[in-house]
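In: quick one: sequence plus predicted model below, questions after.
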Amino acid sequence: MTGVLRPGVRTYKPRRSRITDRAARALVEHRDHLLDPTGGPLDLAAIFGPGVPVAVEVGFGDGRATAQMAAAEPGTGILAIDVHTPGVGELLVRIDDAGLRNVAVIEGDALAVLAERITPGSLTGLRSFFPDPWPKARHHKRRLVQPAVLDLVRSRLVPEGTWWLATDWTEYAESMQACFDADPHWSGGAVDRPQDRPETRYERRALRDGRPITDLVYRVRPPV
């Protein structure tokens, strides 16, 4: 696939879940918002407009928070990537309902898309809200935040581009911080919960279950 992780290692687990009728229709009727996960480098200027800053969101669930943030940031292009078909359909519904013109969607593996379809230095930000924590030690190799992925993301960001993350697993937050802190190309850390991040379904569940939320923002250090 991408060579980013060892063969057979994925940062997500395939899920089978029911797709709503409206999401199924959206996958057909609103395919103009869908981009192919494979192929050559994407022309982001052609997709979002010349000079428009572009952020990638890795894993967007039902798309509610993605649509809310896109509506609040009309001057930013959002490339939303997820592997789960029902969520892709739901986001397409929300894009159409809100008349959003600054969102494009890819159904596929975000690491493969970043490696194969995103040119170096073309993104201003990456967003990963509540990625799978893979809590068992034997599954840590599947975590999104690990050195090889940091290298890939950094190569796709502009100097001082940011990676914004949120997690409801304290141990994963500590692991993320340790990974970033060990890499001299990044600076940043935990921040107060930004008011402009909408509450996600996963976040509501975590708060109901008593798990604290950690937001992290890291920035690519400019070359010396």
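Out: Structure received.

In: how about the helices in this protein?
Out: Using DSSP state H, the helices of the chain run over 21-29, 44-48, 64-72, 85-98, 110-117, 147-156, 170-181, 201-208.

In: so what touches the longest one?
Out: Where contact means C-beta atoms under 8 Å, 6 or more residues apart in numbering, the residues beyond helix 85-98 that reach it are 17-20, 22-24, 26-27, 29-30, 33-34, 60-64, 66-67, 70-71, 80, 82, 100, 103, 105, 107. Where you see a C-beta, it was placed from the backbone N, CA and C, and this is true even at glycine.

In: nearest residue to residue 135 other than its sequence neighbours?
Out: Spatial nearest neighbour of residue 135, chain neighbours left out: residue 169 (6.5 Å); criterion: C-beta to C-beta, 6 or more residues apart in numbering.

In: that neighbour: how many residues sit nearby?
Out: Other residues near residue 169 come to 20 when the count uses other C-beta atoms under 10 Å.

In: related to what we said a few turns ago, just the buried members of the contacts of helix 85-98?
Out: 19, 23, 26-27, 30, 33-34, 60-64, 66-67, 70-71, 80, 82, 100, 103, 105, 107 (16 or more other C-beta atoms under 10 Å).

In: center of this structure - which residue?
Out: Residue closest to the average C-alpha location in the chain (C-alpha atoms, centre = their mean): residue 58, at 1.7 Å.

In: show the pLDDT at it.
Out: What the model reports as pLDDT for residue 58 is 97.

In: same check, this time on residue 7
Out: pLDDT, residue 7: 71.

In: report the separation between it and residue 83.
Out: According to C-beta to C-beta, to the nearest Å, residue 7 stands 18 Å off from residue 83.

In: which one of those two is surrounded by more residues?
Out: Neighbour count, other C-beta under 10 Å: between residue 7 and residue 83, residue 83 has more, with 19 against 6.

In: which stretches of this protein have low pLDDT?
Out: Residues of the chain meeting the criterion pLDDT under 70: 1-3, 8-16.

In: mind doing that once more with 80?
Out: Within the chain, the segments meeting pLDDT under 80 span 1-17, 134, 139, 224.

In: regarding it, what is its longest strand?
Out: Identified as the longest strand of the chain according to DSSP state E is strand 157-167.

In: strand partners of that one, parallel vs antiparallel please.
Out: Paired strands of strand 157-167, with direction, are strand 123-129 (parallel), strand 214-220 (antiparallel) (DSSP bridges).

In: can you put those strands in CSV and add mean neighbour count and distance to residue 208?
Out: Below are the strands paired with strand 157-167 laid out as CSV (neighbours: other C-beta atoms under 10 Å; distance: least, C-beta to C-beta, whole Å):
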stretch, mean neighbour count, distance to residue 208
strand 123-129, 22, 17
strand 214-220, 19, 17
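
In: tabulate the ones you listed (CSV), appending distance to residue 45.
Out: Shown next, in CSV, are the strands paired with strand 157-167 (distance: least, C-beta to C-beta, whole Å):
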stretch, distance to residue 45
strand 123-129, 13
strand 214-220, 21
